[in-house]
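Asker: got a structure for you, letters missing:
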């Protein structure tokens with residue numbers, strides 16, 4: 001009869017997310033995971049199957065926590081441009097305040113693995129699609145309310161905003177301060 005698990009798999013996924021987010025998939029070793037999770041390699045593999053399966057669970061956890069936070073900010077009440085500016089500023093502030101400058105785990109995964117890992121790429125695409133859809137919906141709300149010109153292509157602006165966020169998250173990893181990010185935010189909001 002096997003011994004019962006001495007750890008909470010849900011907590012382990014959260015801890016693994018932090019390791020993968022900080023180091024990336026390729027640089028994270030099974031030993032890094034064992035050390036961070038405080039479990040043996042046998043427990044790691046018996047519970048999650050593989051490093052890759054744990055990575056996918058961690059990326060899913062990121063999506064469910066971090067990526068959803070942006071969408072929730074966009075759905076707050078108030079003027080559309082103010083909400084958008086506030087959400088972008090909050091992202092920049094969070095990235096700059098992070099001592100590890102981890103950026104966005106989804107963006108990092110896209111940069112590291114690209115299309116070499118189709119399952120990870122599919123997860124990242126879903127996150128990007130969801131974010132872009134939230135931006136498009138916000139732009140359409142602004143158009144209905146008269147804040148944004150109705151003749152503008154909401155899909156194209158949603159794509160522009162997604163690209164802005166991706167670029168900001170990368171810039172923040174090496175930025176010395178908020179100046180460049182503030183200019184980006186102001187320029188994109190002013191262009192609406």
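Answerer: On my side now, so go ahead. What you see is a predicted model, and the numbers here were worked out from it, not measured in a lab.

Asker: So what's the residue count around residue 20?
Answerer: The local packing of residue 20 (other CB atoms under 10 Å) involves 28 other residues. C-betas here are computed from N, CA, C, even on glycine.

Asker: Run through the residues that contact it.
Answerer: 28, 55, 58, 59, 105 (CB atoms under 8 Å, 6 or more residues apart in numbering).

Asker: where's the second one, which helix or strand?
Answerer: Secondary structure from DSSP states H and E places residue 55 in helix 51-62.

Asker: quick revisit: what's the closest of the contacts of residue 20 to residue 18?
Answerer: Nearest to residue 18, judged by CB to CB, of those is residue 58 at 8.4 Å.

Asker: mind checking pLDDT for the closest one?
Answerer: Residue 58 carries a pLDDT value of 97.

Asker: again with residue 41
Answerer: Per-residue confidence (pLDDT) for residue 41: 88.

Asker: in which helix or strand would I find the nearest residue to it once chain neighbours are set aside?
Answerer: In space, and not counting its chain neighbours, residue 41 is closest to residue 34: 5.6 Å by CB to CB, 6 or more residues apart in numbering. Taking DSSP H and E as the criterion, residue 34 maps to helix 30-37.

Asker: which other helices and strands contact that helix?
Answerer: Judged by 3 or more CB pairs under 8 Å, 6 or more residues apart in numbering; DSSP states H and E, helix 30-37 is in contact with helix 9-23, helix 41-48, helix 51-62.

Asker: next one: it to chain centre, how far?
Answerer: 23 Å (CA atoms, centre = their mean, to the nearest Å).

Asker: Which positions within it qualify as buried?
Answerer: 32, 33, 36, 37 (16 or more other CB atoms under 10 Å).
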